[in-house]
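Trainee: Sequence first, predicted coordinates after that:
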Amino acid sequence: MANIQSLDPSASPLDYYGWELRRQREASNLKQGQLGDIIFCTGSLIGQIETTKKIPTRDFSERVDAALGTDGVFSRLVGLVLRSQLPTWFQPYADMEARAAYISTYQAQLVYGLLQTEEYARALLGVDHPNKVDEMAAARLDRQRILKRENPPALWIVLSEAALLQEVGGRGVMRAQLARLLDFRDDPWVQIQVLPFSIGQHTGMMGSFTLLRFEDDPDPFYVESYDQGHMTANPQVIKERSVGYARLQATALSPEDSATLIARVMEERYGDQS
């Protein structure tokens, strides 16, 4: 077990969180087990977070703030901790996504990260990062907080039918994921359209991409490959991709018909077949 006193609080947000948690706990004259009893967790979990073996959650951070009277220090810090668990090359996009007023995305194979269930995200991340599933999944789910804020971004998703049929994590996980998509049917800020296989060739066949809009800043276009993301605000690229996205929207099923298809796939493909 690492010695918390050997941690360099300037090394990373996670190191600082662990270092500060121990400092604040000891300042309150509490042992790890005593603090655990107060916030309804084990002393072992406190120790693992203090030594950066575990990633803190927002709920944990809020309870620590209440128990230690730290005026929201850990609730604010946990956002930096979770953001730091995202791949380095993805973090600039995540920062812009969090500030965008309007997000329009075409997804060729997978459900967009802002709408993924925890089980779906864990199944995806576990393929290439089996030893970092907990922290990477927590970071991905934390991105979804922007949909619950007082003034959320408008989110428009065109989803290839392939994303409904590609089984991720097993039938139960897929059923829950499609049910999650249906939960957004009455959300005024989220629109989901499915692009069916039957439409044939289309302007999104080069792969997934996202367009962000801001109230003041230039609108960037974002696309990613296996291990890097590419973002540009080139006006010609934005013009071409905006027209391409509009064509995808016009070709895809309406949000109402898309919900009907999602529900049908959920029952026929992932329902109880006993």
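Mentor: On my side now, so go ahead. Owing to the predicted nature of the structure, the values given are computational and were not obtained by experimental measurement.
Trainee: burial count for Ala94?
Mentor: Using other Cβ atoms under 10 Å, Ala94 has 18 neighbouring residues. (Each C-beta comes from the backbone N, C-alpha and C, glycine too.)
Trainee: brain fart, Arg213
Mentor: Neighbours of Arg213 (other Cβ under 10 Å): 17.
Trainee: Just list whatever residues bridge to the closest residue to it other than its chain neighbours.
Mentor: In this structure, Arg213 finds its nearest non-sequential neighbour in Tyr102, 3.8 Å apart by Cβ to Cβ, 6 or more residues apart in numbering. Applying DSSP bridges to Tyr102 gives these bridge partners: Ala154, Arg213.
Trainee: Only the buried residues of stretch 226-243, if you could.
Mentor: Neighbour-count burial for stretch 226-243, with 16 or more other Cβ atoms under 10 Å as criterion, is recorded at Gly229, Ile238, Arg241.
Trainee: What residues does Tyr93 make contact with?
Mentor: Tyr93 is in contact with Tyr222, Glu224, Gly229, Met231, counting by Cβ atoms under 8 Å, 6 or more residues apart in numbering.
Trainee: Would you report the backbone torsion angles of the residue nearest in space to the middle of the chain?
Mentor: Nearest to the mean C-alpha position of the chain, counting by Cα atoms, centre = their mean, stands Arg140 at 2.9 Å. Here is the backbone geometry of Arg140 (degrees, to the nearest 10): phi -70, psi -40.
Trainee: what does Val194 give?
Mentor: The phi/psi pair for Val194 (degrees, to the nearest 10) is phi -100, psi 130.
Trainee: And Glu97, by the same measure?
Mentor: phi -60, psi -40.
Trainee: May I ask you to confirm that it is in contact with Leu212?
Mentor: Yes - at 6.7 Å, Glu97 counts as touching Leu212 under the criterion of Cβ atoms under 8 Å.
Trainee: quick one: common contacting residues for those two?
Mentor: Counting by Cβ under 8 Å, 6+ apart, the residues touching both Glu97 and Leu212 are Ile103.
Trainee: out of the two, which sits in the busier spot?
Mentor: Set Glu97 next to Leu212 and count neighbours by other Cβ under 10 Å: Leu212 wins out with 23 against 20.
Trainee: measure that one to Ala163 for me?
Mentor: As judged by Cβ to Cβ, to the nearest Å, Leu212 and Ala163 stand 21 Å apart.
Trainee: and what of Arg25?
Mentor: Per Cβ to Cβ, Arg25 is found 44 Å from Ala163.
Trainee: And for Gly72?
Mentor: 38 Å.
Trainee: Give me the more crowded residue out of the two.
Mentor: Ala163 (22 against 11).
Trainee: Mind checking what secondary structure the more buried one has?
Mentor: Secondary structure, DSSP: H, G, I helix; E, B strand; the rest coil: Ala163 is helix.
Trainee: Relative to Leu261, how far out is it?
Mentor: 12 Å.
Trainee: Near the residue nearest to Arg213, how many residues? Count them for me, please.
Mentor: So Tyr102, with other Cβ under 10 Å, has 15 neighbours.
Trainee: which residues touch it?
Mentor: Tyr102 touches Pro153, Ala154, Trp156, Leu212, Arg213, counting by Cβ under 8 Å, 6+ apart.
Trainee: For Leu30, give me the backbone phi and psi.
Mentor: phi -120, psi 140.
Trainee: residue contacts, it?
Mentor: Ile38.
Trainee: How confident was the prediction at it?
Mentor: We have a pLDDT of 95 for Leu30.
Trainee: I'd like the next helix or strand past whichever strand or helix holds Val243.
Mentor: Under the criterion of DSSP states H and E, Val243 resides in helix 235-251. Using DSSP H and E, the helix or strand that follows helix 235-251 in sequence is helix 255-268.
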